[in-house]
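[1] Need a 3D model of the following:
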Amino acid sequence: MSVVNRSFPMLILGLILSPPSGAMALDDTALCARAQEVYGVTPERCVMPSAPASKATTGLSEEMLESHIFFPQGGADLNDDAQVQIAVLLTVLDTTVMQNACLRLIGHSDSSGGDAANKALARKRADTVANALRSGLKDPTRLRDVLSEGEAAPLQGIPSTSPLNRRVEIQAKTCPP
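    Numbers count the residues shown, from 1 in each chain. This next block holds a predicted model:
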């Protein structure tokens, strides 16, 4: 059973951030290039040429790809794609249109492993994304909720064992005054 309040509209954005210690990271030039290539957005700190990029075929809509950060099996470290997504999200959240948005992060897992372990791993994933966003937001209090669903809410139409269920869902709504 899902405990997520579905009144939060889903955020249709891309994201990024600094890698956790020990993770292989893109340098600033590569990070900027990826943000421009994949999302057509140049983060404020970047000055770079653009080059074409292609997205992997997952069967998911652009909305789903942009509002979720995906993880490897058993992992909670951000890969290069996740770092690019978070960097772009931080840039978008700094725009006039999104400056009053608050975020809710919901960690998920596939159904491999036990229920308690999956819930803990999903929370660790959500915390990883939360830490990355907090470090880049001018007002970290905009990150309102960090939750874990574990394996309880697989993507609709996707088998519960699919790697696509190893994710953090990002939702946004207008912050209360």
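[2] what helices or strands is the helix ranked longest in the chain leaning on?
    Counting residues, the longest helix found in the chain (DSSP state H) is helix 115-136. With contacts defined as 3 or more Cβ pairs under 8 Å, 6 or more residues apart in numbering; DSSP states H and E, the packing partners of helix 115-136 are helix 80-93, strand 101-108, strand 143-150, strand 167-174. Placement of C-beta: from N, CA and C, glycine included.
[3] buried set for stretch 126-137?
    Ala126, Asp127, Thr128, Val129, Ala130, Asn131, Ala132, Leu133, Gly136, Leu137 (16 or more other Cβ atoms under 10 Å).
[4] One more: stretch 66-77?
    Buried, per 16+ other Cβ under 10 Å, within stretch 66-77: Glu66, Ser67, His68, Ile69, Phe70, Phe71, Ala76, Asp77.
[5] now, among those, which is nearest to Gly114?
    Gly114 lies nearest to Ala76 out of the buried residues of stretch 66-77, by Cβ to Cβ, at 16.5 Å.
[6] Name the nearest residue to the closest one, sequence neighbours excluded.
    Nearest non-adjacent residue to Ala76, counting by Cβ to Cβ, 6 or more residues apart in numbering: Lys124, 4.2 Å away.
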